[in-house]
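Undergrad: Need coordinates for the following:
(4 chains)
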Protein chains: 2
Amino acid sequence: MVDGTLPEQIATRLRRDILRGKLPPGAPVKERDHAAELGVSRTPMREAIRMLAKEGLVQLRPARSPIVAKPSFEDVAHNIEVMAALEVLSARLACQRASDAEIDEIAEVAGRMERDYDKLDRLDLFELDMSFHRAIARAAGNPVLDETHGALLARLWRARYLSASRKRSRDRVLRQHADIVTALRARDAVAAQTSVQAHLDHLLVNVVDVFDAEEAEPAPAEK
Amino acid sequence: MVDGTLPEQIATRLRRDILRGKLPPGAPVKERDHAAELGVSRTPMREAIRMLAKEGLVQLRPARSPIVAKPSFEDVAHNIEVMAALEVLSARLACQRASDAEIDEIAEVAGRMERDYDKLDRLDLFELDMSFHRAIARAAGNPVLDETHGALLARLWRARYLSASRKRSRDRVLRQHADIVTALRARDAVAAQTSVQAHLDHLLVNVVDVFDAEEAEPAPAEK
DNA sequence: CAAGGAATTTTGGTATACCAAATCTTCTTC
DNA sequence: GAAGAAGATTTGGTATACCAAAATTCCTTG
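TA: I've put the predicted structure just below:
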């Protein structure tokens, strides 16, 4: 990820700071200060902030400092609801249109995740899980679907990052991934849609747990 | 629509020029020229162009002038495919969650459209049809769904604007709208989803016609 | 006359300076 | 001492000036 465009570099940097908790929810994102801190001018910083706003990581307010978004449980639930619809559609279309190679690729991601589950840290696992879902969306052969799904998934980064740490869901997640791959291989659209929906339903349950845990211990901020 | 923020005003202006054909597909959108023409500086023009890019109306290219997008038939079909999934979800959720007042509002739009169909020009009809679909998405009670749907619908402006001129589909469109309203009133999720899906399927057919017609007569550009 | 290259021009990217609105602070007054 | 108003300051919005890369044009040369 050695990308060239400056605003994207800034956005990547800010995104990391937000996800890792260096910029906690509610913190103001003043373009002057952050621009100075990174040694860039306000113009690209401005554009970077807009990008993060589009991803839902920061919240723009009229005539006010943008602040780091603090997604409520309802926000996350709403996101997952839409994500589920898109992934169910992806699964159905993938059964019709995906090449065998694309399905192999999905299976490969699932396989690597299963093989290395205990070797990898939770950030790596998180990335793997993301790419599994991205691969399904891509296999649907609909660029608009792929792009929309990507935008939505980006919004869920923080919530999914937290919920990925729930290692106890390991067996269920791996089994559900395997179910999805099996259904895709069989080109069984009904089974694929059902499996994907079930997987996302469980993600919602996990997120409920995370929010409950956060409520118990309010500030996990890992500097 | 007397909105305040300058970039949005510019975006609205540019969007109209693009949709009305003053800026034909493929035309470059040079920020210097257009900024000078509107008497504003490049900074807000820049932001306006990014907005239109997000809507898919213009296409950003690295180190090159952005150009007015010329969506292929495949692009539009892919958009409609995703839209259909979102509207089907909207219909299902609306059956569960919408208030009676929200359904009344949807019915009101459909009713006005039916009542005034012959009095209104096609641009007004187009706006009415858009608001019908927006109202359904809003009635689902999921802001993320509403927002995503809005973004996608914005991308379809041009295609839908053209297809709205197909007056011969009048009866079918009105009947389908009525079907949807009936299903929502009955809180019949299955019927609502089926009606919405059918409606969108026919939209796709209309778009096919429009593209065929365009292929016959390539440049409708109304200066 | 054609082909290649260099210079100029065009264009987006970035930095900076200025402005207006909103906020916060402080001083005055009751 | 508290409340309100006025001024100072902070902050995002906008305009403009500068820069680097890319495209185009024109000149030179074979």
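Undergrad: Quick one: name the residues of chain A near DNA strand C.
TA: Counting by CB under 7 Å from any atom of the strand, the residues of chain A close to DNA strand C are A:5-7, A:40-44, A:47, A:63-64. The way it works is simple: take the backbone N, C-alpha and C, and place the C-beta from them, glycine included.
Undergrad: Assign A:Ser65 to helix, strand or coil.
TA: At A:Ser65, secondary structure determined by DSSP: H, G, I helix; E, B strand; the rest coil is strand.
Undergrad: wait, what's in contact with it?
TA: A:28-30 (CB atoms under 8 Å, 6 or more residues apart in numbering or on different chains).
Undergrad: Quick check on those residues: which are buried?
TA: A:29-30 (16 or more other CB atoms under 10 Å in any protein chain shown).
Undergrad: So which of the residues of chain A next to DNA strand C belong to helices?
TA: Among those, the residues falling in helices (DSSP state H) are A:6-7, A:42-44, A:47.
Undergrad: buried set for stretch A:89-103?
TA: Under the neighbour-count criterion of 16+ other CB under 10 Å, stretch A:89-103 has A:89-95, A:98, A:102-103 buried.
Undergrad: which one of those sits closest to B:Ser131?
TA: Each of the buried residues of stretch A:89-103 was scored against B:Ser131 by CB to CB, and A:Leu89 proved nearest at 24.8 Å.
Undergrad: roughly how far apart are A:Asp116 and B:Val190?
TA: 43 Å (CB to CB, to the nearest Å).
Undergrad: coming back round to it: reformat the ones in helices among the residues of chain A next to DNA strand C as CSV; add distance to chain B and pLDDT.
TA: CSV is the format used below for those (distance: CB to the nearest CB, whole Å; pLDDT from 0 to 100):
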residue, distance to chain B, pLDDT
A:Leu6, 12, 88
A:Pro7, 10, 90
A:Arg42, 10, 93
A:Thr43, 8, 94
A:Pro44, 11, 94
A:Glu47, 8, 93
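Undergrad: ok, and which of those residues reach DNA strand D?
TA: Near DNA strand D, judged by CB under 7 Å from any atom of the strand, the entries from these are A:42-43.
Undergrad: Quick check: PyMOL command selecting the buried ones in the ones in helices among the residues of chain A next to DNA strand C.
TA: Only the buried members of these enter the following PyMOL selection, criterion being 16+ other CB under 10 Å:
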select buried, chain A and resi 6+7+44+47
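Undergrad: quick one on the thing from earlier: looking at the residues of chain A next to DNA strand C, point me to the pair that's furthest apart.
TA: The most widely separated members of those, counting by CB to CB, are A:Thr5 and A:Ala63 (28.3 Å).
Undergrad: And those two? Which one has more around it.
TA: Neighbour totals were compared for A:Thr5 and A:Ala63, and A:Thr5 leads with 12 against 4 (other CB atoms under 10 Å in any protein chain shown).
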